[in-house]
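J.: Test case, fold it:
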Amino acid sequence: MTVNRGGDATGLIQAILHSWGASITDADMTQLTFNSPGRGSRGLAHRGLRQRDVRRHAPGVLSWTDSSNNEAFLAGNIAYTSNAASIYAKAKADGNPIFEDIIVTDVPNGPANINQVGGGGSGQFYVPRGARATDQAKDLALHLLSPEVFLPISLVSAGLFLPCYADYLGMSEVQAAFEADPNLARMAEQQTGDYPGLSWPAPPNPFIDAVNAQAILTDMMAQTIANGLSAEEAVSQASDRMAQIGEEMGAFA
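T.: Okay, the predicted model is just below:
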């Protein structure tokens, strides 16, 4: 996986930071904790990520895009990566001989033992503030998630659209699909739980969305790898950018 700007890179950085207990805010959204000893360890997790990137990445990985790791894996140039569902579905759709040899493993975790820090992986329906047809939007979301609509899509998606509700996972047709393909069962298990993503330990919120939109985590990595900043300096700089966004939004008022 790359740490170049993109959704996959943000998910990777997020997963490793959370694995070591670092977070952007506290659970109650009362303060920024990214550069604090308690939740940030002042760059400890980030330093480990930097060492991992410099020492273990494939050549050219720092210039990869979101799809580059998929392409490298499907071409047989790397043997282990993330994004299991997209790789698996692409290999199946293309009839790639590698499909039969792909094994989905458990998601690595760190000492903080945060449940399933795979980084992203879920999808949400949003109704913007001020929208006029809110009732219709909610009805559409419920319709798309109904078993008669969702399950036929899910069962042919090779892992791209896995059910997250316990009742869906227990349905006979879903269990039959999992028995026929253990990789699907492992992918489904990895996406269960209540891990909210980048906002952890707080619930999803507009401030975290704004931080994510500014590519602060990937820029932080670039500052150490490409521009020579120490981990502490890069974390402090990223925290200052987050603080400015929080002040502009009144996130911690």
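
J.: What segments of the stretch 51-200 of the chain are strands?
T.: For the stretch 51-200 of the chain, no strands turn up when DSSP state E, counting those that start in this stretch is the criterion.

J.: how about low-confidence regions in it?
T.: 51-59, 115-123 (pLDDT under 70).

J.: do that again at 80, thanks
T.: 51-62, 83-84, 107-109, 113-124, 126, 164, 191-194 (pLDDT under 80).

J.: In contact with the closest residue to Ile114 other than its chain neighbours, which residues?
T.: Here the nearest residue to Ile114 in space, its sequence neighbours aside, is His18; by CB to CB, 6 or more residues apart in numbering that works out to 4.9 Å. Yep, even glycine has a C-beta here, placed from its N, CA and C like the rest. For His18, the contact set (CB atoms under 8 Å, 6 or more residues apart in numbering) comprises 110, 112, 114, 117, 200.

J.: same check, this time on Glu179
T.: Counting by CB under 8 Å, 6+ apart, Glu179 makes contact with Ala185.

J.: how close does it sit to Ser172?
T.: Distance from Glu179 to Ser172, counting by CB to CB, to the nearest Å: 10 Å.

J.: My guess is Asp28 contacts Asn205. True?
T.: No. With contact defined as CB atoms under 8 Å, Asp28 does not reach Asn205; the gap is 11.2 Å.

J.: Now do the contacts for Ala188.
T.: 162-163, 169, 178.

J.: From Arg132, how far out is Asn96?
T.: In terms of CB to CB, Asn96 sits 46 Å off from Arg132.

J.: meant to ask about Pro203
T.: Distance from Pro203 to Arg132, by CB to CB: 26 Å.

J.: Same question for Met249.
T.: With distances taken as CB to CB, Met249 is found 25 Å from Arg132.

J.: more neighbours, the two?
T.: Met249 (14 against 7; other CB atoms under 10 Å).

J.: in the stretch 101-250 of the chain, which spans are helices?
T.: For the stretch 101-250 of the chain, applying DSSP state H, counting those that start in this stretch gives helices covering 134-145, 147-155, 166-169, 172-180, 182-190, 206-213, 216-225, 231-249.

J.: Ok, which of these comes nearest Pro196?
T.: Using CB to CB as the measure, helix 206-213 is the one of the helices of the stretch 101-250 of the chain that comes nearest Pro196, at 8.9 Å.

J.: Can you spell out which helices and strands pack onto that closest one?
T.: Judged by 3 or more CB pairs under 8 Å, 6 or more residues apart in numbering; DSSP states H and E, the packing partners of helix 206-213 are helix 231-249.

J.: and the helix it packs on, how far from the chain's centre?
T.: 21 Å (CA atoms, centre = their mean, to the nearest Å).

J.: Check which residues of it are buried.
T.: 231, 234-239, 241-242, 245-246 (16 or more other CB atoms under 10 Å).

J.: likewise stretch 217-231?
T.: 217-218, 220-225, 229, 231.

J.: Among the contacts of His18, which one lies nearest to Pro37?
T.: Nearest member of those to Pro37, counting by CB to CB, is Ala112, at 14.5 Å.

J.: Pull the contacting residues for the closest one.
T.: If you count contacts by CB under 8 Å, 6+ apart, Ala112 has them with 18-21.

J.: One more: Leu162?
T.: Neighbour list for Leu162: 85, 154, 184, 187-188, 191 [criterion: CB under 8 Å, 6+ apart].

J.: Apart from its chain neighbours, what residue comes closest to it?
T.: Ala188 (4.8 Å).

J.: Can you tell me which of the contacts of Leu162 is nearest Arg5?
T.: For the contacts of Leu162, the nearest to Arg5 is Ala85 (21.9 Å; CB to CB).

J.: Surely the closest one and Ala158 touch.
T.: Yes. Look at Ala85 against Ala158 with CB under 8 Å: they come within range, at 7.4 Å.
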